[in-house]
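Chemist: Generate a structure from the sequence data that follows.
(one chain, ligands or ions: 1)
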Amino acid sequence: MPLPAAVVVTLALVASPSAQGPVHAVRFGSLWDGSRSVRDAVVVIDGDRIRAVGQGDTAVPAGARVTDLRAYTGLPGLIDAHTHITYIWDRTPGTRPRGQRRLPAVTVFLAQENARKTLEAGVTTVRDLNAGNDMDFAMRELTRSGAMIGPRIIASGPGISARAGATPDPAAMAAQVETRLNAGADWIKVFGSRGGFDVVDGAQTVTADEMKAIVDAAHARGTKVAIHSYGPSGVADAVRAGADSVEHGADVDDDTLREMARRGTVWVPTVDHNRYYIDAKDEYGFPAGAETALRDYIQRNLASVRRAIALGVPMAMGSDAVYTMFGQNTRELGWFVQAGMTPAQALATATTIPAKLLGRESDLGRVAPGFAADLVAVEGDPLARIDALFTGVRWVMRDGGVLVDKR
Ligand SMILES: [Zn+2]
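Modeler: Sure thing, here's the model as predicted:
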């Protein structure tokens, strides 16, 4: 989509702070570049791109502007594959996070807080999966131009859904894909089952034939599809329909997990979001008994993650962050380590794996020449203890611009 001239000028100023000046050299005590660790690393940045990655004093170009982050561990900017960045609660006394009504423009303005907290967690790219009134498209444009401080946003617009028990209509579902794409969606999101907040029963709502019609229509237009399913039947149907990623899921059978490994279907299990709902149950006013159901779902969700790791299913970090969860985006990685991943394998779910899912594997998820200049500095060593990442992010660069500096 061409940007108006005025916006292009802003983009150039924000995204290429050094375009007119010297290159920028950022030094880390240790850098994990997406596949290996480099001691005393020097990342040379030209405008919004990484030009080179080297080691030691000799790797700093003459005349470069230097940022010394040698007290920290460097990582590629992280990717959160599942957010709801337009879900905002203004904390008015007597209100709950859900159900507040306001003008879409006001929501976009208030959602700057979610965008900022996401960046402060080290996340420089999000795939946002369900928003109305073009609010996600607005935030995509504002964060791209630099008018709003936030991550790069890949946006789906409103998810496609069906009522349980409705007469299946694959053609109508395919038509909804066209509507979304014509409105500007980067991805197609499908709510294939019930499930969300304190509801975890997972009853399937979109049929296998409807899922297939949606996937075929989207793929014909070169667009990928994420299908939400809390229950196992919806996951099985989504995988066989050709979904590019499956969101949530528990009690997933081994045949389906093997099929995901074979096809390369990415699983975004969003284990941590139910931990958040338990922590925030009073804020939401969930009924008594909700906590028991949420804890039970977490255990079944996590058991499936353990089997998926053993069977080689590619997985991505999705926080499913809503409302007051922003800032906790990376805590999903703690569950992945608990389920058997090494910290480096967990970091791959927030870098190289989602970059490939997004079709951005030559642009995002690594610190390498030609890649977007997205970098994170963490106090401590998340390669040794993944939880260093949850509280240790001190500095974040996106597209060559420093957007967080808490040193
Ligand atoms: Zn979600």
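Chemist: going forward, measure contacts and count neighbours with C-alpha atoms only.
Modeler: Will do.
Chemist: Look up which helix or strand the spatially most central residue of the chain falls in, please.
Modeler: Against the mean C-alpha coordinate of the chain, by CA atoms, centre = their mean, the closest residue is residue 80 at 1.8 Å. Using DSSP states H and E, residue 80 maps to strand 78-83.
Chemist: show me where pLDDT drops low in this protein?
Modeler: By pLDDT under 70, the weakly predicted segments of the chain are 1-21.
Chemist: what residues go with each domain of it?
Modeler: Domain assignment for the chain, taken from automatic domain parsing, gives 5-76+365-405, 78-357.
Chemist: What residues of stretch 157-177 count as buried?
Modeler: 157, 158, 159, 160, 161, 162, 168, 170, 173, 174, 176, 177 (16 or more other CA atoms under 10 Å).
Chemist: hmm, which two among these are most spread apart?
Modeler: 157 and 168 (22.4 Å; CA to CA).
Chemist: which residues in the stretch 101-250 of the chain form strands?
Modeler: 123-128, 152-155, 187-191, 224-228, 245-247 (DSSP state E, counting those that start in this stretch).
Chemist: Tabulate the CA atom coordinates of stretch 159-178 in CSV.
Modeler: Listed in CSV are the C-alpha atoms of stretch 159-178, where the atom choice follows Å, rounded to 0.1, in the frame of the first residue of the first chain:
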residue,chain,number,x,y,z
GLY,A,159,-11.5,-13.4,12.8
ILE,A,160,-13.9,-15.6,10.8
SER,A,161,-16.3,-17.5,13.0
ALA,A,162,-19.5,-19.6,13.0
ARG,A,163,-22.2,-20.3,15.5
ALA,A,164,-22.2,-23.8,16.9
GLY,A,165,-24.9,-25.8,15.1
ALA,A,166,-25.2,-23.4,12.2
THR,A,167,-25.7,-25.0,8.8
PRO,A,168,-22.2,-25.3,7.2
ASP,A,169,-21.6,-23.0,4.3
PRO,A,170,-18.1,-23.3,2.8
ALA,A,171,-18.8,-20.9,0.0
ALA,A,172,-19.8,-18.2,2.4
MET,A,173,-16.6,-18.8,4.4
ALA,A,174,-14.5,-18.4,1.3
ALA,A,175,-16.3,-15.2,0.5
GLN,A,176,-15.4,-13.9,3.9
VAL,A,177,-11.8,-14.5,3.1
GLU,A,178,-12.1,-12.2,0.0
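Chemist: I would like the residues contacting it, please.
Modeler: 129-131, 188-192, 203-207, 209-211, 213-214, 217-218 (CA atoms under 8 Å, 6 or more residues apart in numbering).
Chemist: go with 7 Å
Modeler: 129-130, 189-192, 205-207, 209-210, 213-214, 217-218 (CA atoms under 7 Å, 6 or more residues apart in numbering).
Chemist: filter the residues you listed to the buried ones?
Modeler: Judged by 16+ other CA under 10 Å, buried ones among those: 129-130, 189-192, 205-207, 209-210, 213-214, 217-218.
Chemist: picking up where we left off before, how about the spatially closest residue to the residue nearest to the centre of the chain that is not a sequence neighbour, what does it touch?
Modeler: Closest residue to residue 80 apart from its sequence neighbours, by CA to CA, 6 or more residues apart in numbering: residue 126 at 4.8 Å. For residue 126, the contact set (CA under 7 Å, 6+ apart) comprises 79, 80, 81, 82, 83, 151, 152, 153, 154.
Chemist: From the residues you listed, pick the one nearest residue 96.
Modeler: Distances from residue 96 to those, taken by CA to CA, are shortest for residue 83, at 19.4 Å.
Chemist: Look up the residues forming beta bridges with the closest one.
Modeler: Beta bridges link residue 83 to residue 128, residue 321 when assigned by DSSP bridges.
Chemist: For residue 343, grab phi and psi.
Modeler: Main-chain dihedrals, residue 343, degrees, to the nearest 10: phi -50, psi -40.
Chemist: And for residue 242?
Modeler: Per degrees, to the nearest 10, the residue geometry at residue 242, taken as phi and psi, is phi 100, psi 20.
Chemist: Near it, how many other residues are there?
Modeler: The number of residues packed near residue 242 is 22, by other CA atoms under 10 Å.
Chemist: and what of residue 404?
Modeler: Counted with other CA under 10 Å, residue 404 comes out at 22.
Chemist: what's the helix or strand for it?
Modeler: Going by DSSP H and E, residue 404 is part of strand 401-405.
Chemist: Now do the helices in the stretch 301-407 of the chain.
Modeler: 332-338, 343-348, 352-357, 388-392 (DSSP state H, counting those that start in this stretch).
Chemist: As CSV, those helices with mean neighbour count and distance to residue 112 would be great.
Modeler: Listed next are the helices of the stretch 301-407 of the chain as CSV, based on neighbours: other CA atoms under 10 Å; distance: least, CA to CA, whole Å:
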stretch, mean neighbour count, distance to residue 112
helix 332-338, 22, 22
helix 343-348, 22, 26
helix 352-357, 22, 24
helix 388-392, 19, 21
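Chemist: now those as a markdown table including distance to residue 233?
Modeler: Formatted as a markdown table, the helices of the stretch 301-407 of the chain follow (distance: least, CA to CA, whole Å):
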| stretch | distance to residue 233 |
| --- | --- |
| helix 332-338 | 23 |
| helix 343-348 | 27 |
| helix 352-357 | 23 |
| helix 388-392 | 33 |
